[in-house]
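Participant: I'd like to go over a predicted model; first the sequence, then the structure.
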Amino acid sequence: MAFSLGVSQIRTALLESGFFLSGRGQKGDQFIILDAASNTRVMENFQHQAATALRKGVILGTNTRLDVLTDEERRRHESTLERLAIRSALMSRNIGAIKKTFVALDQSKAA
């Protein structure tokens, strides 16, 4: 456990410097720092994991039995589900369309 926490702290420090520590194998003895060209694949993987986590949150929230929640728990649940659903929808949108929307917003503010 201490080893895993230490590796996690090292990974965080390396990320902040633009490096990714890849763990290979199950015994913790095959770690390598990937070259900069590999960072794009790592970033894409992070993006995929984030989108998957958001979708899973929406699935869980949608299928939660609301009748067993108090009114306050239900309001909090529905608010959280709404935020997750919006974020999930935004992440699944085409990046080009989103960029065009932001450019259009910037242009309308400048006018």
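Facilitator: Sure thing, it's come through.
Participant: Going by C-alpha atoms from here, please, whenever you check contacts or count neighbours.
Facilitator: Noted.
Participant: element containing the residue nearest the centre of the chain?
Facilitator: The residue lying closest to the centre of the chain (Cα atoms, centre = their mean) is A50, at 2.6 Å. According to DSSP states H and E, A50 maps onto helix 39-63.
Participant: Extract the C-alpha trace of the helix or strand following that helix and format it as CSV.
Facilitator: Downstream of helix 39-63, the first helix or strand assigned by DSSP H and E is helix 71-92. Only the C-alpha atoms of helix 71-92 are listed here, as CSV (Å, rounded to 0.1, in the frame of the first residue of the first chain):
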residue,chain,number,x,y,z
ASP,A,71,-36.5,15.3,-0.3
GLU,A,72,-33.1,17.0,0.3
GLU,A,73,-31.2,13.8,-0.9
ARG,A,74,-33.4,13.7,-4.0
ARG,A,75,-32.8,17.4,-4.8
ARG,A,76,-29.0,16.9,-4.4
HIS,A,77,-29.2,13.7,-6.5
GLU,A,78,-31.1,15.3,-9.3
SER,A,79,-28.8,18.4,-9.3
THR,A,80,-25.7,16.2,-9.5
LEU,A,81,-27.3,14.0,-12.2
GLU,A,82,-28.1,17.1,-14.3
ARG,A,83,-24.5,18.4,-14.1
LEU,A,84,-23.1,14.9,-15.0
ALA,A,85,-25.5,14.6,-17.9
ILE,A,86,-24.5,18.1,-19.3
ARG,A,87,-20.8,17.4,-18.9
SER,A,88,-21.2,14.0,-20.5
ALA,A,89,-23.1,15.5,-23.4
LEU,A,90,-20.5,18.2,-23.9
MET,A,91,-17.6,15.7,-23.9
SER,A,92,-19.3,13.6,-26.5
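Participant: All good on my end, thank you.
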